[in-house]
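[1] Fold the following.
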Amino acid sequence: MLNPDGVYLGNYRCSLMGFDLNRHWLDPSPWAHPTLYGVKQLIIQMHNDPKTSLEFYIDIHAHSTMMNGFMYGNIFEDEERFQRQAIFPKLLCQNAEDFSFSSTSFNRDAVKAGTGRRFLGGLLDHTSYCYTLEVSFFSYIIGGTAATVPYTEEAYMKLGRNVARTFMDYYRLNPIVEKVSYPVPRVRKEKSPPFKYSHVRAQTSSHSALKGDKKSSFNHKDHSQSS
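    So this is what the prediction gives:
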């Protein structure tokens with residue numbers, strides 16, 4: 001939790017001083033962004049420690065316009081690193097019925113340069129993978145249906161358990177995936193969010209954008225400016 005003072009006041013994005021903390025990773029101030037500053041120093045220390053293997057950074061956010069859970073990742077010139085980055089969200093999609101792989105996207109938009117995912121993706125080496133895990137404030141759609149299911153505290157906790165289960169699957173498959181070649185996803189220009197919803201009927205109509213998640217291919221458009 002990097003925004004305890006803002007959350008205490010009821011904010012879900014800005015700190016007590018009004019800063020969007022996920023835009024200040026490039027040069028956080030120990031006075032204005034103390035949590036970011038401390039975590040950044042810790043991550044750099046871990047990265048420089050030869051005894052430590054820092055393999056994953058996952059920043060968890062709530063999303064105000066999209067449904068389901070999904071991830072944002074980075075784009076790399078290294079083709080193999082780019083391909084391997086998709087393995088974790090693909091495995092998570094298999095474990096979690098509320099996680100949408102078709103809504104998962106990879107980008108390097110300059111606007112997102114100050115996010116933890118973008119900054120650390122450029123700082124850490126090829127053995128590290130950095131993501132933003134976004135989860136809807138409201139609901140999710142189960143693949144193959146048109147019904148929206150409201151998120152509850154238990155549903156959020158279940159997704160957390162599925163993330164942990166995905167780590168088990170990832171490391172169990174790790175010796176295998178190193179030898180597997182994956183098709184390179186097509187990179188598309190980022191567009192505005194395809195929809196925003198204000199009530200259940202609007203959410204249900206957006207099912208066509210998420211239908212068939214389990215068999216979908218890579219999608220590189222960034223749906224929101226929120227992460």
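[2] quick one: contacts for the residue nearest to Leu36 when sequence neighbours are not counted?
    Sequence neighbours aside, Pro28 is the residue nearest to Leu36 in space, at 3.9 Å (criterion: CB to CB, 6 or more residues apart in numbering). C-betas here are computed from N, CA, C, even on glycine. The contact partners of Pro28, by CB atoms under 8 Å, 6 or more residues apart in numbering, come to Leu36, Tyr37, Lys40.
[3] So which of these are in helices?
    Taking DSSP state H, the ones among the contacts of Pro28 that sit in helices are Leu36, Tyr37, Lys40.
[4] Now do the same contact list for Ser136.
    Ala62, His63, Met66, Met67, Asn68, Gly69, Tyr151.
[5] Drop anything exposed from these.
    Neighbour counting by 16 or more other CB atoms under 10 Å classes His63, Met66, Met67, Asn68, Gly69, Tyr151 among the contacts of Ser136 as buried.
[6] Excluding sequence neighbours, find me the nearest residue to the fourth one.
    With CB to CB, 6+ apart as the criterion, Asn68 has its nearest non-adjacent residue at 3.9 Å, and that residue is Ser100.
[7] Tell me how many other residues crowd the one you found.
    28 (other CB atoms under 10 Å).
[8] now do the one 4 residues further on
    Here the neighbour count serves as a burial measure; for Thr104 (other CB under 10 Å) it reads 28.
[9] re the thing from before, tell me if I'm right that the residue nearest to Asn68 and Met71 touch.
    No: here Ser100 does not reach Met71: they are 9.3 Å apart, not a contact under CB atoms under 8 Å.
[10] quick revisit: quick one: mark the members of the contacts of Ser136 that sit in helices.
    Among these, no member falls in helices (DSSP H).
[11] Just put these in TSV and tack on distance to Val111.
    Shown next, in TSV, are those (distance: CB to CB, whole Å):
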residue	distance to Val111
Ala62	20
His63	16
Met66	17
Met67	23
Asn68	23
Gly69	22
Tyr151	27
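[12] Output those in TSV; the columns should cover distance to Val7 and pLDDT.
    Formatted as TSV, the contacts of Ser136 follow (distance: CB to CB, whole Å; pLDDT from 0 to 100):
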residue	distance to Val7	pLDDT
Ala62	11	93
His63	16	94
Met66	21	95
Met67	23	96
Asn68	23	97
Gly69	20	98
Tyr151	18	98
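[13] Give the other helices and strands that the biggest helix by length in the chain contacts.
    Counting residues, the longest helix found in the chain (DSSP H) is helix 153-177. With contacts taken as 3 or more CB pairs under 8 Å, 6 or more residues apart in numbering; DSSP states H and E, helix 153-177 sits against helix 87-95, strand 129-136.
[14] Kindly recompute the last result at 10 Å.
    Helices and strands touching helix 153-177, by 3 or more CB pairs under 10 Å, 6 or more residues apart in numbering; DSSP states H and E, are strand 56-63, strand 69-73, helix 87-95, strand 129-136, strand 139-141.
[15] Show me which parts of it are buried, residue by residue.
    Ala155, Leu159, Asn162, Val163, Thr166, Tyr170.
[16] Ok, stretch 3-12 next?
    Asn3, Gly6.
[17] Check stretch 123-138 too.
    Buried residues in stretch 123-138, counted by 16+ other CB under 10 Å: Leu124, Ser128, Tyr129, Cys130, Tyr131, Thr132, Leu133, Glu134, Val135, Ser136, Phe138.
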